[in-house]
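Student: the following block contains a protein sequence and its predicted model.
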Amino acid sequence: MTDSTMTPPRKATKIGDALRRRRNAADLRLRIYGIAAITAAIGLLVILLTTLFLGGYQAFVQTHIRVDFPISADNVDPGDPADGNYRAVVRQAMSALLPDVSTPAETRAIAKILTNNTQFFVRDAVVRDLSVIGGTLTLEVPAADIYDQLNKGTISRETLEENRRVSDQEIAWFDELQAKGAVSTPFNWGLIFNADSRFPEIAGLSGAIVGSFYAILVCFLVAFPTGIAAAVYLEEFAPKNRWTDIVEVNINNLAAVPSIVFGLLGLAVFIQTFGLPRSAPLVGGLVLALMSLPTIIIVTRNALKAVPPSIREAGYGMGASPQQVVMHHVLPQALPGIMTGTILALAQALGETAPLLLIGMNAFITSPRLALWMPPPLCQLRFIFGPIVRNGASLRVHLLAFSSCLHSFSS
């Protein structure tokens, strides 16, 4: 007898080849769709960042004017330099810089080329160094907002005079200052280190940054350990009965409650019942912690469930107690998932404004204070795709990581 090799029928072979070709084509289409989706996402991100940069990069530079201020004893008393006539000092300095100006009205007008806070800048410099009294003090002072816009091209010189915020004469004065080399455009550090101001040219984000830090710090210190402890108890130690089922259902429901409800809760409990100071960063952090707790608990429980049972069994086999198994074996394995949930919860908390507005954290901040227990109001400052007029430029800021909102506080 001879063994014969069995060959599949030709029809079955053709069907198999057709199925394989279709499967390969489907895989190719899936790869193409994935590459197209990633390319589209990257392209949209590039368009977004390019639009933000082109629309707002000018806000990161600022127009400064170099001025020599004559600090005479007639205007500044050496015995009380903080109470000097610094408005007269500014007018005299600008008159010396633009000597063709003669009338009182023009003298007042050229003083407005500089920011309205110039007199305070000069006063602070004189108080720091009394030796300048009787001499000359040279400072680079921010230009007023309209001249900053003029220098950056936001205000067009070709526009009719009646449709401009600056007149032809004011443009001529500014051009004269440029011809003398008194105008410069350094990096705008005030955008980062200055607090709120009525004058756009000296307003900044310092209060918003400091307030956000304190609010999130309190939220993290309260929500992180509390949420992990609650999740560990419910998942590892709590008996499975009707009461724990009710608690779990309520936690899941709280994760879907609108944030404004937590603001009402904070207003009723922390402020009206416990008498905590209104608008204090402590109250804002506690409200955000209440809002973040359900998310942290749910994510932590899921991370604990994902730990293989063999880890627990090995710990018990070595004679470890349940607490030791959880603390030394289960929690370290679940930590990456826990941190992911915590970051998501804090990012959501940082972007919330409704609960903070309900407890009064909305104010005009002129000098941020580094204190958690004081009742300085937190100022919600939203950064969206709309224009923010700042230093004469249309500044569009979108904080992708922190989802749209900063909070600040002051004394």
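Tutor: Now that the structure is in, tell me what you want to look at. Residues are numbered from 1 along each chain as shown.

Student: would you mark the buried spots in the strand or helix carrying P225?
Tutor: In this structure, P225 sits in helix 206-232 according to DSSP states H and E. The neighbour-count check on helix 206-232 (16 or more other Cβ atoms under 10 Å) flags 206-212, 214-216, 218-220, 222-224, 226-228, 230-232 as buried. C-beta here means a position set from N, CA and C on the backbone, and glycine is covered the same way.

Student: how about stretch 166-183?
Tutor: Residues 166, 170-171, 173-174, 176-177, 182-183 are the ones in stretch 166-183 that count as buried (16+ other Cβ under 10 Å).

Student: what's the average pLDDT for it?
Tutor: Averaged across stretch 166-183, the pLDDT comes to 92.

Student: list the contacts of it.
Tutor: 63-67, 97-98, 101, 109-110, 113, 143, 146-147, 150-151, 155, 157, 161 (Cβ atoms under 8 Å, 6 or more residues apart in numbering).

Student: hey, where'd the helices end up in the stretch 301-411 of the chain?
Tutor: Per DSSP state H, counting those that start in this stretch, the stretch 301-411 of the chain carries helices over the ranges 309-317, 322-325, 331-350, 354-358.

Student: any low-confidence regions in the protein?
Tutor: Along the chain, the model assigns pLDDT under 70 to residues 1-12, 362-365, 367-411.

Student: secondary structure and distance to L265 for the buried residues of stretch 166-183 - can I get that in TSV?
Tutor: Below are the buried residues of stretch 166-183 laid out as TSV (DSSP: H, G, I helix; E, B strand; the rest coil; distance: Cβ to Cβ, whole Å):
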residue	secondary structure	distance to L265
V166	coil	51
E170	helix	54
I171	helix	56
W173	helix	58
F174	helix	55
E176	helix	61
L177	helix	57
A182	coil	57
V183	strand	54
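
Student: quick one, domains of the protein?
Tutor: Domain assignment for the chain by automatic domain parsing gives 59-188, 208-360.

Student: okay, how far is it across the longest one, tip to tip?
Tutor: Domain 208-360 stretches 15 Å from its first residue to its last (Cα to Cα, to the nearest Å).

Student: circling back: can you name every helix or strand that the helix holding P225 contacts?
Tutor: helix 190-193, helix 281-305, helix 331-350, strand 378-382, strand 405-409 (3 or more Cβ pairs under 8 Å, 6 or more residues apart in numbering; DSSP states H and E).

Student: what's the burial count for the residue nearest to A231 when sequence neighbours are not counted?
Tutor: Nearest residue to A231 in three dimensions, chain neighbours excluded: T300, at 3.5 Å (Cβ to Cβ, 6 or more residues apart in numbering). Counted with other Cβ atoms under 10 Å, residues neighbouring T300 total 27.

Student: from P322, how far out is T300?
Tutor: Per Cβ to Cβ, to the nearest Å, T300 is found 17 Å from P322.

Student: surely A96 is in a helix?
Tutor: Yes - per DSSP: H, G, I helix; E, B strand; the rest coil, A96 lies within a helix segment.

Student: would you agree it is in contact with D68?
Tutor: Yes - the criterion here is Cβ atoms under 8 Å, and A96 meets it with D68 at 7.1 Å.

Student: secondary structure element holding G266?
Tutor: helix 259-266.

Student: the inter-axis angle of that helix versus helix 281-305?
Tutor: For helix 259-266 against helix 281-305, the angle by axes from the mean of the first three to the mean of the last three Cα atoms, to 10 degrees is 120 degrees.

Student: neighbouring contacts of helix 259-266?
Tutor: Residues from elsewhere that reach helix 259-266 (Cβ under 8 Å, 6+ apart): 283, 286-287, 290-291, 352, 354-359.

Student: give me the buried subset of those residues.
Tutor: Using 16+ other Cβ under 10 Å as the burial test, the contacts of helix 259-266 include 283, 286-287, 290-291, 352, 355-356, 358-359 as buried.

Student: what's the closest of the residues you listed to N194?
Tutor: L356 (22.4 Å; Cβ to Cβ).

Student: that closest one touches V287, doesn't it?
Tutor: Yes - using Cβ under 8 Å, L356 makes contact with V287 at a distance of 7.0 Å.

Student: quick revisit: of all the buried residues of stretch 166-183, which two lie farthest apart?
Tutor: Using Cβ to Cβ, the pair of the buried residues of stretch 166-183 lying farthest apart is V166 and A182, separated by 17.2 Å.

Student: quick check: next helix or strand after the helix or strand that contains A172?
Tutor: For A172, the element it lies in under DSSP H and E is helix 168-179. Using DSSP H and E, the helix or strand that directly follows helix 168-179 along the chain is strand 183-184.

Student: centre of the chain to that next one, how far?
Tutor: A distance of 30 Å separates the C-alpha centroid of strand 183-184 from that of its chain, computed with Cα atoms, centre = their mean, to the nearest Å.

Student: adjacent strands (with direction) for that strand?
Tutor: Paired neighbours of strand 183-184 in the sheet (DSSP bridges): strand 64-70 (antiparallel).

Student: off-centre distance for the strand it pairs with?
Tutor: Counting by Cα atoms, centre = their mean, strand 64-70 comes out at 34 Å from the chain centroid.

Student: measure how that strand sits relative to helix 168-179, angle-wise.
Tutor: Using the same axes, to 10 degrees: strand 64-70 against helix 168-179 is 90 degrees.

Student: can you show me the CA trace of strand 64-70 as PDB?
Tutor: Extracted in PDB, the C-alpha atoms of strand 64-70 (Å, rounded to 0.1, in the frame of the first residue of the first chain):
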ATOM      1  CA  HIS A  64       8.700 100.200  27.800                       C
ATOM      2  CA  ILE A  65       9.800 103.800  27.700                       C
ATOM      3  CA  ARG A  66      13.100 104.900  29.200                       C
ATOM      4  CA  VAL A  67      12.700 108.100  31.200                       C
ATOM      5  CA  ASP A  68      15.000 110.200  33.300                       C
ATOM      6  CA  PHE A  69      13.100 111.500  36.300                       C
ATOM      7  CA  PRO A  70      14.400 114.700  38.000                       C
END
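
Student: F270 contacts A280, doesn't it?
Tutor: No - the criterion here is Cβ under 8 Å, and F270 misses it with A280 at 9.2 Å.

Student: pick out whichever of those two has more residues nearby.
Tutor: Counted by other Cβ under 10 Å, F270 and A280 do not tie: A280 has more neighbours, with 26 against 21.
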